[in-house]
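Peer 1: Generate coordinates for the sequence data below:
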Amino acid sequence: MTLRLRILQMATACLYVGPLLAGMGGYGWAVVPVFIAIFLLWLIVLRPQEWPQTAADWQSPDSWLAIATRAVVQTLLVVICFGVGRGLAGVAGLSVTLPFMGPIFLSLLAIPIARLACPPGQSAAINAFLDDALTEVEAAATPDAEAGRRAAARLFAARLTEPLTELRPDTEASVIDGHLAALRGHLEPEVLLDALHDRLVDAGPALRRAFILQATDPLTVEACQGRAAPVQAMQVAGDDPALLELFAERCALLLDQNADAWGDCPNETALDAARARFPEQSGVGAALRALIQRNRALAPLA
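Peer 2: You can find the predicted model right below:
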């Protein structure tokens with residue numbers, strides 16, 4: 001990781017030194033648009049996920065606003081570098097002689113160099129490298145080694161769960177469960193649950209479905225005993241009939257496999273209140289009624 005970060009730093013230096021040298025070499029302002037184009041190409045090549053992916057995306061006003069914002073930022077960066085170069089040459093009385101295309105080729109060289117650190121197909125690799133570096137710095141600066149370990153684990157989990165945000169809203173629970181099964185091989189149950197919970201802000205149905213599946217998984221409930229993960233799952237389901245039915249079915253299955261999970265599940269009062277919001281004969285109504293009966297059967301005697 002350190003080697004890749006250093007390669008990336010070298011590429012970034014080449015990118016910015018190009019317009020700086022052009023300014024010191026007395027190039028005219030007509031060369032500035034060329035460097036702006038190179039800076040934008042840098043963003044397109046290294047961060048393709050931040051650009052519109054489909055024809056519909058390109059037609060969105062929000063996409064064009066984001067593109068215009070990036071263009072303005074890159075223009076400011078180029079102008080600043082170019083202006084600093086001209087200022088240095090003027091103040092120091094330097095007369096720098098450079099090949100005509102030298103500074104331009106130097107900035108262009110930054111793109112293939114950066115590709116060595118971020119090969120094609122690695123989505124958001126640049127952000128991952130920077131996140132890794134930040135985690136190492138935070139861990140080194142934290143006297144509590146356990147806190148540093150938790151920070152690193154949380155970041156790792158966030159990166160692994162990112163593909164779940166790209167699932168279609170109508171993705172079936174079985175498909176999502178397959179993704180979670182793969183993630184469970186790399187993440188502890190509570191870490192995965194926390195990572196999914198962190199992504200619930202403005203989350204779509206697929207990600208909420210993923211949280212419900214993880215929060216009602218027997219291994220998760222056992223590892224997170226006392227955290228009432230199934231109660232959180234019911235809260236995430238809200239008034240969505242499909243999500244609430246999924247929760248009820250999964251929670252009933254959980255209690256069948258582990259009766260000790262009863263204390264972490266919603267109580268009968270909460271379940272009955274949810275059931276009252278739906279018709280008796282509906283799928284969600286039947287699922288909640290079955291869960292209530294299972295909950296009642298496991299309730300300790302007064």
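
Peer 1: in stretch 28-46, what's buried?
Peer 2: Using 16 or more other Cβ atoms under 10 Å as the burial criterion, the residues of stretch 28-46 that qualify are 31, 32, 34, 35, 36, 38, 39, 40, 42, 43, 46. From N, CA and C alone the C-beta is placed, and that goes for glycine too.

Peer 1: Select from those residues every entry located in helices.
Peer 2: When DSSP state H is applied, those are split such that 32, 34, 35, 36, 38, 39, 40, 42, 43, 46 fall in helices.

Peer 1: If we only consider the buried residues of stretch 28-46, which is nearest to residue 57?
Peer 2: For the buried residues of stretch 28-46, the minimum distance to residue 57 (Cβ to Cβ) is 15.8 Å, reached by residue 43.

Peer 1: Can you add distance to residue 290 and give the buried residues of stretch 28-46 back as a markdown table?
Peer 2: Conversion of the buried residues of stretch 28-46 to a markdown table gives the following (distance: Cβ to Cβ, whole Å):
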| residue | distance to residue 290 |
| --- | --- |
| 31 | 72 |
| 32 | 69 |
| 34 | 68 |
| 35 | 66 |
| 36 | 63 |
| 38 | 63 |
| 39 | 60 |
| 40 | 57 |
| 42 | 57 |
| 43 | 53 |
| 46 | 52 |
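
Peer 1: Can you tell me which of these is closest to residue 192?
Peer 2: Nearest member of the buried residues of stretch 28-46 to residue 192, counting by Cβ to Cβ, is residue 46, at 29.0 Å.

Peer 1: I'd like the buried residues of stretch 28-46 laid out as JSON lines, including pLDDT and distance to residue 237.
Peer 2: Putting the buried residues of stretch 28-46 into JSON lines (pLDDT from 0 to 100; distance: Cβ to Cβ, whole Å) gives the following:
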{"residue": "31", "pLDDT": "90", "distance to residue 237": "58"}
{"residue": "32", "pLDDT": "91", "distance to residue 237": "54"}
{"residue": "34", "pLDDT": "92", "distance to residue 237": "54"}
{"residue": "35", "pLDDT": "91", "distance to residue 237": "52"}
{"residue": "36", "pLDDT": "92", "distance to residue 237": "49"}
{"residue": "38", "pLDDT": "91", "distance to residue 237": "49"}
{"residue": "39", "pLDDT": "90", "distance to residue 237": "46"}
{"residue": "40", "pLDDT": "89", "distance to residue 237": "43"}
{"residue": "42", "pLDDT": "84", "distance to residue 237": "44"}
{"residue": "43", "pLDDT": "82", "distance to residue 237": "39"}
{"residue": "46", "pLDDT": "75", "distance to residue 237": "39"}
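
Peer 1: Quickly check these for the two that are furthest apart.
Peer 2: Maximum pairwise distance among the buried residues of stretch 28-46 (Cβ to Cβ): 22.7 Å, between 31 and 46.

Peer 1: can you list the domains in the chain?
Peer 2: Residue ranges for the structural domains of the chain, counted by automatic domain parsing, are given in the record as 2-120, 136-298.

Peer 1: Check those for me: which has the lowest mean pLDDT.
Peer 2: Looking over the domains of the chain, mean pLDDT reaches its minimum on domain 2-120, with a mean of 81.

Peer 1: What is the distance between that domain and the centre of its chain?
Peer 2: In terms of Cα atoms, centre = their mean, to the nearest Å, the gap separating the centre of domain 2-120 from the centre of its chain is 26 Å.

Peer 1: quick one: what helix or strand has residue 195 in it?
Peer 2: Secondary structure from DSSP states H and E places residue 195 in helix 189-198.

Peer 1: counting contacts, what elements does that helix pack onto?
Peer 2: Helix 189-198 is packed against helix 145-161, helix 173-184, helix 205-215, helix 218-223, with contacts defined by 3 or more Cβ pairs under 8 Å, 6 or more residues apart in numbering; DSSP states H and E.

Peer 1: make it 7 Å
Peer 2: With contacts taken as 3 or more Cβ pairs under 7 Å, 6 or more residues apart in numbering; DSSP states H and E, helix 189-198 sits against helix 145-161, helix 205-215, helix 218-223.

Peer 1: Please tabulate those helices in JSON lines, including the columns mean neighbour count and distance to residue 292.
Peer 2: Below are these laid out as JSON lines (neighbours: other Cβ atoms under 10 Å; distance: least, Cβ to Cβ, whole Å):
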{"stretch": "helix 145-161", "mean neighbour count": "16", "distance to residue 292": "32"}
{"stretch": "helix 205-215", "mean neighbour count": "24", "distance to residue 292": "18"}
{"stretch": "helix 218-223", "mean neighbour count": "19", "distance to residue 292": "19"}
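
Peer 1: and the ones you listed as TSV, adding distance to residue 261?
Peer 2: Written out in TSV, the entries for these read as follows (distance: least, Cβ to Cβ, whole Å):
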stretch	distance to residue 261
helix 145-161	23
helix 205-215	11
helix 218-223	5
